[in-house]
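Participant: generate a structure from the sequence data that follows.
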Amino acid sequence: MRIANVLRQLAFVPLVLIACNSRAVLAQTPSPMQEWQYSGGIILARLFQPDLPKWRTVLGGACEVQHVYDGAHAYRVSGGPVINIHYRDVAFFAVGEGLGYNFLRGDHYQAGLGVTYDLGRKEKDDLTNLRGIGDISAAPVGRLYGSWVLSRKFPLILRVDARQFMGGAQGLVGDAAVYLPLPGSSKTFVMFAGPSITMATHHYLQTLYGVTATQAAASGHPVYEIPHAGTSAAGVGFSATKFLTAHWLLNLDAAISQVRGSPAHSPLVERRTQRGLALSIDYHWQ
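Facilitator: Presented below is the predicted three-dimensional model:
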């Protein structure tokens, strides 16, 4: 009940804001962050505040530490803008989520369609390991997503997301996750945590983790074939938002993810376990 009381007062604020360096979590572009972390808490807005404001806008700046590509050993620091604009619970634009429209809307559920982008993968990101593998080009990504909240008294959130790459990796990727607000949250400090699992089609997995005979000859890596579609990763995320004032927010996202299944044995994967940390300071108004 304590969590429900806190969320009743805070639900009008988008609680998870990180969208660093114009990177789309909805892409193969590396990120151990869980898909739900880019929209965490938004589904609770209507549940705890049925009369939503017409506009909710968040702008800010962020920095992030994460691996240079999925399975890489090396990490890098990057930074960029936070842009998060919601029109009631109908439509949104955000750096991390792209452009979306919720065609199903209710107190406990939400489903929608959207479009975002994938930045691809470049050999130059890690020439030691990727030389001869070739680039994966940037591409638009269509997505279908849905969220459902269990109840006000126990606001556990279930979320599913499917993304079709229209170019680049040219495959289908899906996530399933559960997350919830944590005990210890208050009027000025809100926390979420939860696990997620990622699955993908054979073509997508082969493009990212496979090594063809031509690539093997150019790179020195052995030939590696992904046998079928399946699980590609599993992880857990933690998000915390501190309300510094009525309008200024400090947001932290942390996550750990592990490459799973056939991709875990790819010669391109130097480290199976990946970690990420992102921090932003933001200003919101409505």
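
Participant: could you use CA atoms for every contact and neighbour count after this?
Facilitator: OK.

Participant: ok, which stretches of the stretch 1-150 of the chain are helices?
Facilitator: For the stretch 1-150 of the chain, the helices defined by DSSP state H, counting those that start in this stretch cover 2-10, 44-48, 127-130.

Participant: now the longest one: average pLDDT?
Facilitator: What it means is helix 2-10. In this model, helix 2-10 has an average pLDDT of 54.

Participant: same question, stretch 63-81
Facilitator: 91.

Participant: tell me who's in contact with Ser266.
Facilitator: Neighbour list for Ser266: Tyr209, Gly210, Tyr224 [criterion: Cα atoms under 8 Å, 6 or more residues apart in numbering].

Participant: if you count neighbours, what's buried in stretch 130-145?
Facilitator: Judged by neighbour count using 16 or more other Cα atoms under 10 Å, the buried positions of stretch 130-145 are 130-133, 136, 138-145.

Participant: want to throw those into TSV with pLDDT and distance to Gly171?
Facilitator: Formatted as TSV, these follow (pLDDT from 0 to 100; distance: Cα to Cα, whole Å):
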residue	pLDDT	distance to Gly171
Leu130	96	21
Arg131	95	23
Gly132	97	22
Ile133	97	18
Ile136	95	12
Ala138	92	13
Ala139	93	11
Pro140	94	12
Val141	94	10
Gly142	96	11
Arg143	95	12
Leu144	97	14
Tyr145	96	17
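
Participant: take those residues and keep only those in strands.
Facilitator: Counting by DSSP state E, these place Ala139, Pro140, Val141, Gly142, Arg143, Leu144, Tyr145 in strands.

Participant: which one of those is nearest Arg76?
Facilitator: Distance to Arg76, by Cα to Cα, is smallest for Ala139 among these, at 22.6 Å.

Participant: return the helix or strand encompassing Ser257 as PDB; C-alpha atoms alone will do.
Facilitator: Here Ser257, judged by DSSP states H and E, is contained in strand 248-259. As requested, the backbone C-alpha atoms of strand 248-259 are provided in PDB (Å, rounded to 0.1, in the frame of the first residue of the first chain):
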ATOM      1  CA  TRP A 248      14.400  18.700 -11.700                       C
ATOM      2  CA  LEU A 249      15.100  15.000 -11.700                       C
ATOM      3  CA  LEU A 250      18.300  12.900 -11.400                       C
ATOM      4  CA  ASN A 251      18.000   9.400 -12.900                       C
ATOM      5  CA  LEU A 252      20.200   6.400 -12.700                       C
ATOM      6  CA  ASP A 253      19.900   3.200 -14.700                       C
ATOM      7  CA  ALA A 254      22.000   0.100 -14.100                       C
ATOM      8  CA  ALA A 255      21.800  -3.300 -15.800                       C
ATOM      9  CA  ILE A 256      23.600  -6.600 -16.300                       C
ATOM     10  CA  SER A 257      22.900  -8.900 -19.200                       C
ATOM     11  CA  GLN A 258      24.300 -12.200 -20.400                       C
ATOM     12  CA  VAL A 259      24.500 -13.500 -24.000                       C
END
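
Participant: for it, what is the average pLDDT?
Facilitator: Mean per-residue pLDDT for strand 248-259: 94.

Participant: so where's the chain uncertain?
Facilitator: For the chain, residues meeting the criterion pLDDT under 70 lie at 1-30.

Participant: hey, where'd the strands end up in it?
Facilitator: Using DSSP E, the strands of the chain run over residues 55-67, 75-87, 91-94, 98-105, 109-118, 139-149, 157-165, 172-181, 189-200, 230-243, 248-259, 273-285.

Participant: dump these to a markdown table, plus distance to Leu44.
Facilitator: As requested, the strands of the chain are exported to a markdown table (distance: least, Cα to Cα, whole Å):
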| stretch | distance to Leu44 |
| --- | --- |
| strand 55-67 | 14 |
| strand 75-87 | 14 |
| strand 91-94 | 15 |
| strand 98-105 | 12 |
| strand 109-118 | 9 |
| strand 139-149 | 7 |
| strand 157-165 | 9 |
| strand 172-181 | 10 |
| strand 189-200 | 12 |
| strand 230-243 | 15 |
| strand 248-259 | 18 |
| strand 273-285 | 17 |
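
Participant: on that earlier part again, out of the contacts of Ser266, the closest to Gln66 would be?
Facilitator: Comparing these against Gln66 with Cα to Cα places Tyr209 closest, at 18.7 Å.

Participant: what count of nearby residues applies to that closest one?
Facilitator: Residues near Tyr209, counting by other Cα atoms under 10 Å, number 21.
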